[in-house]
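Enquirer: structure of the sequence below:
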Amino acid sequence: MKTEALIDMLACNAGPAPRALVARRLTPAVIAGLLASAWAAITWFGLIPGSLFSTHVPWTKMAYAGALAAAAGWWAVQLSRPAAPSARARGAVIAVMLSMSAIGLISWLSEPADVRMAALLGHSWFSCPPSVLALSLPALAAALWAIRGLAPTRPHAAGFAAGLLAGSVGAFGYAFSCPEASAAFIATWYSLGIVLTGAVGAILGPRVLRW
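Expert: Alright, predicted model coming up:
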């Protein structure tokens, strides 16, 4: 049989790969990463006081991290399939981050001038990004493993999307331990930790996502 005939035979009525396959691989990775990050955060840093859960403090962080995880997960799904359009998913990621930036800026400008720097830096600005990054590593490993078993053709972008997804998961877990209340703090330092995780994913992508 000639090669062309074999290709035609294999491709006949093949159809597209099922979309749910990507979600079935990524969803357990995200859940495992979330459980690992929350457990590590509580174990290493302790749980925030229970009274804070009756305020907006942890819920703002979780809402931001959850929304960004959903957008980044969509982007990672698109990048896990050859030639799948990804512009809308990438736009969703940018929209979520810009929305949180706008909320943070408005909150920061509404503070009296003499406390704005304190609101931005909080008590843990120097440790927040590396903490988010460290808590994101289990989710990053799981997400890269899940995407590796699919068919990514843009490994840099896929790795970056997986990193943003993992960073969001790590930030969600970190919210259980972080008492910082300022929206400006969240928009700045949580976002930096998430983007750092994305950068790690982009670096690892070409190495671990080749097929």
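
Enquirer: Y190 - how many residues pack around it?
Expert: The burial count assigned to Y190 is 30, neighbours taken as other C-beta atoms under 10 Å. The way it works is simple: take the backbone N, C-alpha and C, and place the C-beta from them, glycine included.

Enquirer: quick check, it in contact with A65.
Expert: Yes - with contact defined as C-beta atoms under 8 Å, Y190 counts as touching A65 (7.3 Å).

Enquirer: overlap in contacts of these two?
Expert: Shared contacts of Y190 and A65, defined by C-beta atoms under 8 Å, 6 or more residues apart in numbering, are found at A171.

Enquirer: show me where this protein has helices.
Expert: Assigned by DSSP state H, the helices in the chain fall at 3-11, 20-45, 57-79, 87-110, 116-121, 128-148, 155-174, 183-185, 191-208.

Enquirer: among the ones you listed, which comes closest to S51?
Expert: Among the helices of the chain, the nearest to S51 by C-beta to C-beta is helix 57-79 (9.8 Å).

Enquirer: isn't F45 up against S131?
Expert: Yes - using C-beta under 8 Å, F45 makes contact with S131 at a distance of 7.4 Å.

Enquirer: which neighbours do the two share?
Expert: Contact criterion C-beta under 8 Å, 6+ apart; residues bridging F45 and S131 by contacting each: Y174, C178.

Enquirer: which of these two has more neighbours?
Expert: When F45 and S131 are compared for neighbours, S131 comes out ahead with 24 against 17, by other C-beta under 10 Å.

Enquirer: what's the pLDDT at the more buried one?
Expert: Confidence at S131, expressed as pLDDT, is 97.

Enquirer: what about the closest residue to it other than its chain neighbours, how many neighbours?
Expert: Spatial nearest neighbour of S131, chain neighbours left out: Y174 (5.9 Å); criterion: C-beta to C-beta, 6 or more residues apart in numbering. Using other C-beta under 10 Å, Y174 has 26 other residues around it.

Enquirer: when you give positions from now on, start the count at 40
Expert: Fine by me, first position is 40 from now on; the one you just mentioned is Y213.
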